[in-house]
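Chemist: this one's sequence-less:
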C-alpha cells in the first residue's frame, strides 16, 4: 500500500492497526490483496459528505445501502450504526468467507452494520470503502478501489443535489422519461 498524501498515510496506519486487532479484518485484507495485489487498497479522491442534508445514501456493490446522517454524524445500516468521530478512520467491508454481513472496522469496534443478499452477482468488496472524520470536522468518503464500486447520492446544504459514482462496473442503464408535472401550459 503506497503512501504519499495525508489521507493515504492515515489509511496505512488504520490498516496496520486493524490487521493486528481484528482477525476478520486480517482475513478479509489478506485475501483481497492476495487476489488484487498490494496496491489494491488505496485512497483515491475522497468526497465530502458532511455539510449535507440528511441522509446521504451510500450504495456499496450496487445493492447494499448505508445512510450517513450529518446532523448526527452517524453511519446507519439496518443492523446497527456507528458515530463518526473527528480524527478517526472507519473501513467498510465484509468478512472472508462471505457471510452476508457488511462490517465497519474502527479503532474501538468491529460492527455488523448491514445485511446483504449473497446470491446477487455484485456484493460489497472485502475491503470496500473508508469514512474519515477529519480534524477540521469534515466527514469524507472514499471507495478504496473496490471491485464492485460505490454510489453516493445526496444534497448539499446550498442546496445542490449530487450523485457520485466510484468505478462501478459497466452496466446497462435503463431510463424512464416522464413528462414534467409543472411544464408550461400550452395555448389552446
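Modeler: The structure has been received and is ready for your questions. Computed from a predicted structure; not experimentally measured.

Chemist: Spit out the contact partners of the nearest residue to residue 146 once chain neighbours are set aside.
Modeler: The spatial neighbour of residue 146 that comes closest, neighbours along the chain excluded (Cβ to Cβ, 6 or more residues apart in numbering), is residue 125 at 3.8 Å. For the C-beta atoms, the positions are set from N, CA and C on the backbone; glycine is no exception. For residue 125, the contacting residues are 32, 60, 61, 93, 94, 144, 146, 147, 148, by Cβ atoms under 8 Å, 6 or more residues apart in numbering.

Chemist: Just grab the bridge partners of the fifth one for me.
Modeler: If I follow you right, that is residue 94. residue 102 (DSSP bridges).

Chemist: Am I right that it is in contact with residue 118?
Modeler: No. Counting by Cβ atoms under 8 Å, residue 94 does not reach residue 118; the two are 9.1 Å apart.

Chemist: who has more neighbours, the two?
Modeler: Legend: neighbour count by other Cβ atoms under 10 Å for residue 94 and residue 118, higher for residue 94 (27 against 11).

Chemist: so residue 127 makes contact with residue 146?
Modeler: Yes. The pair residue 127 / residue 146 is scored as a contact, 7.4 Å apart, by Cβ under 8 Å.

Chemist: in this structure, which residue is closest to the centre?
Modeler: residue 129 (4.4 Å; Cα atoms, centre = their mean).

Chemist: in which helix or strand would I find residue 35?
Modeler: Under the criterion of DSSP states H and E, residue 35 resides in helix 23-36.

Chemist: whoops, I mixed them up, residue 155
Modeler: Using DSSP H and E, residue 155 falls in strand 150-156.

Chemist: ok, then the element right after that strand?
Modeler: Under the assignment DSSP H and E, the closest C-terminal helix or strand after strand 150-156 is strand 161-166.
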